[in-house]
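Q: Please work out how this folds:
(one chain, ligands or ions: 2)
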Amino acid sequence: MGLLQKILIPVLGLVLAFCFYSSRENFRPEMLKGKRVIVTGASTGIGEQMAYHLARMGAHVLVTARTEAKLQQVNGKLGTHTCTHKHRKANLTSQVVERCRALGAGSARLVSGSMEDMATTRQLVEVAEAELGGLDMLILNHVGKSYFNYFDGDVGHVQKLLNINFLSYVAMTVSALPMLKRSGGSIVVVSSMAGKVGFPFTVPYSATKFALDGFFSSLRQEFSIQSVNVSITLCILGFIDTENAMRAAADVLLMSPAPKEECALEIIKGGTLRQREVYYRYASTKLPLLLRDWAAELLDLLVRQRYRPERLRAA
Ligand SMILES: NC(=O)c1ccc[n+]([C@@H]2O[C@H](COP(=O)([O-])OP(=O)(O)OC[C@H]3O[C@@H](n4cnc5c(N)ncnc54)[C@H](OP(=O)(O)O)[C@@H]3O)[C@@H](O)[C@H]2O)c1
Ligand SMILES: *[C@@H]1O[C@H](CO)[C@@H](O)[C@H](O)[C@H]1NC(C)=O
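A: Ligands and ions are numbered 1, 2, ... in the order given. Prediction:
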């Protein structure tokens, strides 16, 4: 009897787990057709790739970045562009918008502004409401520039990065929540392995990513208790081959980066299917995390072995 239970219970568990996972809805690109989506930090990297995927799927995309804020500051207000002004100085973000249109987006727009300033976040969402008339998915992806090196003791930088990488995510969520409640929408938060495990040489960045987990995982619990039908998907990414990440870390990290295009698609899939968390790539994120609570020191050691500190650039 004892033995039977020992075998039966795990087997039953496996069968139930299999049924649970296989009964889940599969992703279809048509799910995004006509959906209204904001992607923050979409002038480069993973955000840019997400914008292109969404465009191909026929979504209405609104992308954000600072890029044009510098130009807009001249007249002191937030800019919104639909890229009809051919004569305007070509810049990265408007190229992204033009490409989105060419790829078949329902519509594509740029709203520029720095996420360091909380007033900007509110304005961004107001522009989205006015232009799109609602919102189905808020993809929070932007990150402020930091250094890749030993913690330098600059508290002001930590504070600035918390504003950009964390507080603006909170502020955007608060502003967008009424629209998301109306649509039964989704919040997608792009985080990192550095937001689940302590990584060296990205101390301020890691702190901001851990903060995101605390805020959004707690909020998800409250949504569940209150039956708020807005999903929250936290994305745990490993090393991805974006230009900025490669420039900062490729020499020091003993890891091969994963492609940003596929990464972007996995994030969109996870958000659309309202998954709790996305792990990309799975084997190099989810599996190491199995060690975190039971063999933390071993995981710390394995992490440290992935770095060549002698290759850090002189600060
Ligand atoms: N690449 C990786 O290896 C990796 C690994 C784990 C997690 N992630 C996460 O994935 C996300 C995207 O990373 P990525 O590598 O694609 O980054 P990226 O290429 O450096 O892009 C960052 C984006 O954020 C925008 N941005 C920067 N500062 C801003 C500010 N103050 N206000 C508003 N926007 C600002 C940038 O545009 P402007 O400069 O024009 O404003 C850009 O569009 C981030 O959340 C990152 O933490 C990346
Ligand atoms: C919650 O929203 C999703 C997506 O908009 C929808 O499919 C689902 O039916 C909603 N659930 C409830 C309980 O309203």
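
Q: next one: phi and psi at residue 31?
A: Backbone geometry at residue 31, expressed as degrees, to the nearest 10, gives phi -60, psi -20.

Q: Please name the nearest non-neighbouring residue to it.
A: Nearest residue to residue 31, sequence neighbours excluded (Cβ to Cβ, 6 or more residues apart in numbering): residue 272, at 5.2 Å. Placement of C-beta: from N, CA and C, glycine included.

Q: cool, residue 132 as well?
A: residue 36 (4.3 Å).

Q: Residue 54 is in contact with that neighbour, correct?
A: No. Applying Cβ atoms under 8 Å as the test, residue 36 and residue 54 come out as separate, 10.2 Å apart.

Q: I figured the residue nearest to residue 31 hits residue 33, correct?
A: No. Contact criterion Cβ under 8 Å: residue 272 and residue 33 do not qualify, at 11.2 Å.

Q: more neighbours, the two?
A: Per other Cβ atoms under 10 Å, whichever of residue 272 and residue 33 has more neighbours is residue 272, with 23 against 13.

Q: Could I get the contacting residues of that one?
A: Counting by Cβ atoms under 8 Å, 6 or more residues apart in numbering, residue 272 touches 27, 31, 32, 137, 186.

Q: Check which helices and strands the strand or helix carrying residue 169 is in contact with.
A: Residue 169 is part of helix 168-183, with elements assigned from DSSP states H and E. Secondary-structure packing of helix 168-183 (3 or more Cβ pairs under 8 Å, 6 or more residues apart in numbering; DSSP states H and E): strand 36-39, helix 118-132, strand 137-140, strand 186-192, helix 203-225.

Q: From the contact counts, what lies against the first one?
A: I take that to be strand 36-39. Under the contact criterion of 3+ Cβ pairs under 8 Å, 6+ apart, strand 36-39 touches helix 45-56, strand 60-65, helix 118-132, strand 137-140, helix 168-183.

Q: Just the CA atoms of that strand, as PDB, please.
A: Written as PDB, here are the backbone C-alpha positions of strand 36-39 (Å, rounded to 0.1, in the frame of the first residue of the first chain):
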ATOM      1  CA  ARG A  36      -4.000  47.700 -29.500                       C
ATOM      2  CA  VAL A  37      -0.500  47.300 -28.100                       C
ATOM      3  CA  ILE A  38       2.100  49.700 -26.500                       C
ATOM      4  CA  VAL A  39       5.700  48.600 -26.700                       C
END
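
Q: picking up where we left off before, neighbour-wise, which of residue 36 and residue 54 wins?
A: The residue with more neighbours, out of residue 36 and residue 54, is residue 54; 28 against 23, by other Cβ under 10 Å.

Q: what about the closest residue in space to residue 257 that isn't next to it in sequence, neighbour count?
A: Among residues not flanking residue 257 along the chain, residue 241 sits closest, at 3.8 Å (Cβ to Cβ, 6+ apart). Neighbour count of residue 241, defined by other Cβ under 10 Å: 16.
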